[in-house]
Each structure stands twice: as structure tokens, then as C-alpha cells.
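[1] below are the sequence and a predicted model; questions follow.
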Amino acid sequence: MAILLYPSTNKVENDDDSEKVTKEETVIKEEKADEGKDKMQEGVTFFDEPEDIVQEESFRVFQVVNSNFALANAQDKTFSFEEYEELSYTGAVYALYNEDNKDYSNDEIVKVPHGKEIKQLGTYRYIAPNETFKTVPVIMIVDK
């Protein structure tokens, strides 16, 4: 995926000492970009319009699927031991999505800022490590 964000190019010198990217190199980059786009869409079904507001306040990423798409557990609001807050992320699983190309990272805590809410955009179906199919809501943090 790094090649999509920061493409490396093979440069060749022209007779006038300028550099150019070969046509073959450009085609390879375009194919890789399309391949990455297809992978992100695999298993995702978007609704025509955002739907329900999700009543969660905080999430912990447990698997990054793509740079702006990650699986996360919601914080269990019944957990009352503040000193063990990191253990409280045992709630429902959601697929976090953003259009800002913000990179998620494993174990990242994502909190819903004041003045924002969470809308469900669709569903994401994937195969869990125990080889069972899982379907979870795709959500995004948006302005109220």
C-alpha cells in the first residue's frame, strides 16, 4: 500500500538531461491503485443515505483494514473501574470509516468529539480468524 501513498518512480534521463517516468512504470502504478480501491470495497455495502445514529462514545481499534477503514470495539459503558479503562473496550464491533484519509492504527482509542455524532453508513462482512462470517455496521463520525 505504501506505493499508493508515496509512489517510487524509476526515472530515465532524456537526451536533454531531463528526467521522465517511463510509460510502463505509470501503468503499473495505476493498476496497483485500482487494486487497492477494490480491496477496500470488498465486503462493504453502503446505504443510499446514512441511517441510524449510533449511541457510542469511544472505540478501540483492533484491526486496520485499510488506511481509513478499521475494525474497533466500542467501550462497554457498564465498566466502572477508571484505572482499568483500557480493559473496558469489549462492546460491540464496528467498522470505522472516514473520508479524511486519516490513518488508523492498532490499539488506537477513537473518541467522538463534542458536537459530533456517529451515523451508520452501511455494513461490512468479513471472515473472522475463527473462520466464521461476521457482519458489522460501518460507521462514521460526522457533524451534528
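    Received the coordinates, thanks.
[2] I'd say residue 96 and residue 70 touch.
    Yes: with contact defined as CB atoms under 8 Å, residue 96 and residue 70 form a contacting pair (5.0 Å). (Each C-beta comes from the backbone N, C-alpha and C, glycine too.)
[3] what's around residue 118, how many residues?
    By the criterion of other CB atoms under 10 Å, residue 118 has 22 neighbours.
[4] re the thing from before, list residues touching both of residue 96 and residue 70?
    Common neighbours of residue 96 and residue 70 are listed as 61, 104 (criterion: CB atoms under 8 Å, 6 or more residues apart in numbering).
[5] helices of this protein, start to end?
    Counting by DSSP state H, the chain has these helices, from start to end: 2-5, 23-41.
[6] would you single out the least confident of those helices?
    Ranked by mean pLDDT, the helices of the chain bottom out at helix 2-5, with a mean of 23.
[7] any idea how far residue 60 is from the closest residue to residue 74 other than its chain neighbours?
    In space, and not counting its chain neighbours, residue 74 is closest to residue 91: 3.5 Å by CB to CB, 6 or more residues apart in numbering. Using CB to CB, to the nearest Å, one gets 9 Å for the distance from residue 91 to residue 60.
[8] now list whatever residues contact both of the two.
    With CB under 8 Å, 6+ apart, residue 91 and residue 60 have common neighbours 73, 75.
[9] lowest average confidence, helix or strand, in this protein?
    Ranked by mean pLDDT, DSSP states H and E, the helix or strand of the chain with the weakest confidence is helix 2-5, at a mean of 23.
[10] where does the prediction get shaky in the chain?
    1-41, 79-87 (pLDDT under 70).
[11] could you pull out the strands for it?
    For the chain, the strands defined by DSSP state E occupy 11-13, 19-21, 44-46, 53-54, 58-66, 69-74, 93-97, 109-111, 116-127, 133-143.
[12] out of these, flag the one nearest residue 103.
    strand 58-66 (7.9 Å; CB to CB).
[13] direction included, what does that closest one pair up with?
    Strand 58-66 has the following strand partners under DSSP bridges: strand 69-74 (antiparallel), strand 109-111 (antiparallel).
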